[in-house]
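Chemist: I would like to see how this sequence folds:
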Amino acid sequence: MAGVERPVVGLSATAYFPQAVREHVHAPVRWWMTDAQARSIRARRHRIEYGEGHPMYGEPIKISGQHPSRKKGALIELGSELYDQYIHRELERQRAKDKDRAHVLVVANSYQQCAWLARGIAQAGTYREGLCVAVRDGDRHSPDADLPRENIATRLTAEQFEDFPQYGNVLVVPLALIARGLNIVVGIRSAVRSVYLCHRPLAFFAEHE
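Modeler: You can find the predicted model right below:
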């Protein structure tokens, strides 16, 4: 456009609104890729139940609507059962099929919820290694009892999320930090096979996503 060489700018998930002041790039778009491929994105509903030995064995694990005093136990149980019933088997299948994509995200609404889910995953009967949990910058080495020990789960701050495949295969992370603008790739392909949404999103996301 300027008549001289300029760097190429790549934009991810950017709206194309011609002549809009904030969103549009005032130059012809040379190449783009859409998400409109058939079955490229699928959503599935899972019912996760309390495991054997729990007083509520066979009942669905509910988070939304629970009294705050019960959410910790419910999220720990959810993390454990979710890993044993779904995540472990998915990772095993994906490693055999395409190990570069053998990574999943487990998503909640807050750092606190992530800590509890991560504790549950670490306690799962089939869990061995590969767990990462999102923490604030000041909590990298915190003795917080709600977080799994550092030798069990790698603690990652926001600037490390894109490199998460170098640290493990399961990242427990708040929705607000993972919903937009994050490219977790191996080479030029997405490294994440599935995203497990473990809690009803906050109203902001429910209205705008």
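Chemist: make sure Pro165 is indeed in a strand.
Modeler: No. Applying DSSP: H, G, I helix; E, B strand; the rest coil, one finds Pro165 to be helix, outside a strand.
Chemist: so who does the closest residue to it other than its chain neighbours touch?
Modeler: Leaving aside its chain neighbours, Pro165 sits nearest to Ala191 (4.6 Å; criterion: CB to CB, 6 or more residues apart in numbering). (C-beta placed from N, C-alpha, C; glycine too.) Residues near Ala191 by CB atoms under 8 Å, 6 or more residues apart in numbering: Asp100, Arg101, His103, Phe164, Pro165, Ile184, Val185.
Chemist: out of the residues you listed, which sit inside helices?
Modeler: In helices, judged by DSSP state H, none of the contacts of Ala191 are found.
Chemist: can I get the buried part of the residues you listed as one ChimeraX selection?
Modeler: For the buried members of those, the matching ChimeraX selection, counting by 16 or more other CB atoms under 10 Å, is:
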select :101,103,164,165,184
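Chemist: closest to Leu147 among the contacts of Ala191?
Modeler: Phe164 (16.7 Å; CB to CB).
Chemist: burial check on the residue nearest to Asp137 when sequence neighbours are not counted, number of neighbours?
Modeler: Sequence neighbours aside, Thr157 is the residue nearest to Asp137 in space, at 5.2 Å (criterion: CB to CB, 6+ apart). For Thr157, the tally of surrounding residues (other CB atoms under 10 Å) stands at 14.
Chemist: Glu59 now?
Modeler: Glu59 has 10 nearby residues by other CB under 10 Å.
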